[in-house]
Structures are given as structure tokens and as C-alpha cells.
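Undergrad: Need a 3D model of the following:
(one chain, ligands or ions: 1)
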Amino acid sequence: MEPLLTFRDLTKSIPGNAEKTLFADLSAEVAPGDRIAIVGPSGQGKSTFLRILALLAAADRGEISLHGKPHTEWQPRDWRSRVCYLPQHAVMLEGTVEYNLSAVSRLHKRSFERALAVELAAKLGLERIDWGKEAATLSGGEKQRIALIRALLLRPDMLLLDEPTASLDSDSRGRVEELLDAWHEREGTALIWITHDSDQAGRVSKRIWRMAGGGIRENEGENLSACL
Ligand SMILES: Nc1ncnc2c1ncn2[C@@H]1O[C@H](COP(=O)(O)OP(=O)(O)OP(=O)(O)O)[C@@H](O)[C@H]1O
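TA: Below is the predicted model of the structure:
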């Protein structure tokens, strides 16, 4: 099967501090529908790594390809509609909940799948949310779930999830895990999921990438970094 995403020799230093390497020479392939959990101590560069995969930050060195085409040959907006990054702290657009949920359709000139948005909101325990409410006034956990629905409506090939359940109670966390599991089965979306919860990593994925010491080790075995 042709890989969905390939990266070769990805290297990144802390922005503004070229001496301090976050990670070096990372190379791996992600197949369509893969599920990968990224774990590791704070400050290792996990978020930076996902932002690079989403073309929201630039690597110092290395190449990334999507569907066999190098990132330099993609329009960033097209890339990001296929590889969608969900930040740790959800960013809401100015406007209502409905305005936020329909943003994807406006941006990508598609029709707004309202029924799907309603279905996903119910599955995430947001059935009573007021769609006319200013999104900025939602709680952190509500914003996180609205941002997830907004990303799913995009129907990306790959979702890059940066601690998507960090602001949630255990009931909502379970709902997010169940929804993403069902979505993965239904849509075949590849998921790369940062978590600090090793039990969650084991639940959501068989591939676990541990990021530490400038490299990534897969399932405590193979090192994705050639030179470390
Ligand atoms: N734009 C930036 N400017 C300066 N430093 C940055 C920038 N982005 C990230 N860093 C630094 O790079 C390091 C890695 O940050 P990153 O958020 O990628 O780590 P992380 O492994 O995701 O951490 P956590 O688990 O705490 O979320 C940190 O020391 C951070 O302060």
C-alpha cells in the first residue's frame, strides 16, 4: 500500500536557539488509516513535530511527502485540508458555535453537513449546546470538542491530535475516544495522537512513538532517528 505520509531526516532546533536540537533525522512512513500515539516528557518537541507535519512550522532540514508528492509541491491550504492539526488549546473563530462549525465548509467551498455536526455533537455530550452562543465564551473542554467536530467535518486523510482530551473529564474523554474509534472505522482516517496518558496510548493505538532525547523510538524498539 502506498504510504499516506512519509518524512525523511526531519530535524528541528528550538526556534531562536539553533544550538538546542529538539529532534534529529527522524524518518518514517504512515500508512492510510494508521493509528499512532506519541508519548514522552514535556518539552521534547511533540507539538512542534505535529505542527511540522501539518506545515504550520518549518523543519530545519528534511522532507515530508503526502500521497507521494513532496510538501514543496503542495499548496499549504490543500495540504492542511488533508492533514489537519488540532492544537492542545482549541482556537475558536470570532462568532457563534454554528459559525465555527460551518467555517470549514466556507473555507473549502463545500456544503455544511449540519446533520453530521449535530450527530457528532450528541456523541460528544454536546447535545444541549446553544449553537447561537459566542464560541469564545465556551469552556475549555467545550471548545476542544467543538474544534474536534470542526476538524472531522473537514474529512481529512489524517488527524494530528495534540492532547485532544487534556481539558476533559473522564466521561467526555471516553466519548472522544469512542467517537474517534468509530470515525476511524467509518472513514479510515489516519490518527496521530499526542498523549501523556500511557493507558490512553495503549487504548487508541498499537503503534506507540516515544519521543525523548532528540529521537523517537517505536514500541520501545526501532529508532526512527538514523543518527542517534
Ligand atoms: N515558537 C517557539 N519559540 C520558541 N521556543 C519554542 C517555540 N515552539 C516551541 N518552543 C520550545 O520548544 C520546546 C518543545 O516544545 P513542544 O511544545 O513542541 O514540546 P512538547 O513535547 O509538545 O511539550 P508538552 O508535552 O509540554 O506539550 C519547548 O522548550 C518550547 O518552549
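Undergrad: For the helix or strand of the chain with the lowest mean pLDDT, give me every contacting residue.
TA: Least confident helix or strand of the chain, by mean pLDDT, DSSP states H and E, is helix 103-108 with a mean of 85. If you take C-beta atoms under 8 Å, 6 or more residues apart in numbering as the criterion, helix 103-108 is touched by Ser81, Leu93, Arg110, Ser111, Phe112, Glu113, Arg150, Leu153, Leu154. Quick note: C-beta positions are derived from backbone N, CA and C, even for glycine.
Undergrad: Farthest-apart pair in those residues, please.
TA: The most widely separated members of these, counting by C-beta to C-beta, are Leu93 and Ser111 (18.9 Å).
Undergrad: For the closest residue to Ala54 other than its chain neighbours, identify the helix or strand it belongs to.
TA: Nearest in space to Ala54, with sequence neighbours left out and distances taken as C-beta to C-beta, 6 or more residues apart in numbering, is Tyr85 at 3.7 Å. Using DSSP states H and E, the element containing Tyr85 is strand 83-86.
Undergrad: For that strand, which helices and strands make contact with it?
TA: Counting contacts by 3 or more C-beta pairs under 8 Å, 6 or more residues apart in numbering; DSSP states H and E, strand 83-86 packs against helix 46-53, helix 140-153, strand 158-162.
Undergrad: Columns distance to Leu4, mean neighbour count and mean pLDDT on top of the ones you listed, output as a markdown table?
TA: Output for the helices and strands packed on strand 83-86, formatted as a markdown table (distance: least, C-beta to C-beta, whole Å; neighbours: other C-beta atoms under 10 Å; pLDDT from 0 to 100):
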| stretch | distance to Leu4 | mean neighbour count | mean pLDDT |
| --- | --- | --- | --- |
| helix 46-53 | 11 | 22 | 97 |
| helix 140-153 | 17 | 21 | 95 |
| strand 158-162 | 6 | 24 | 98 |
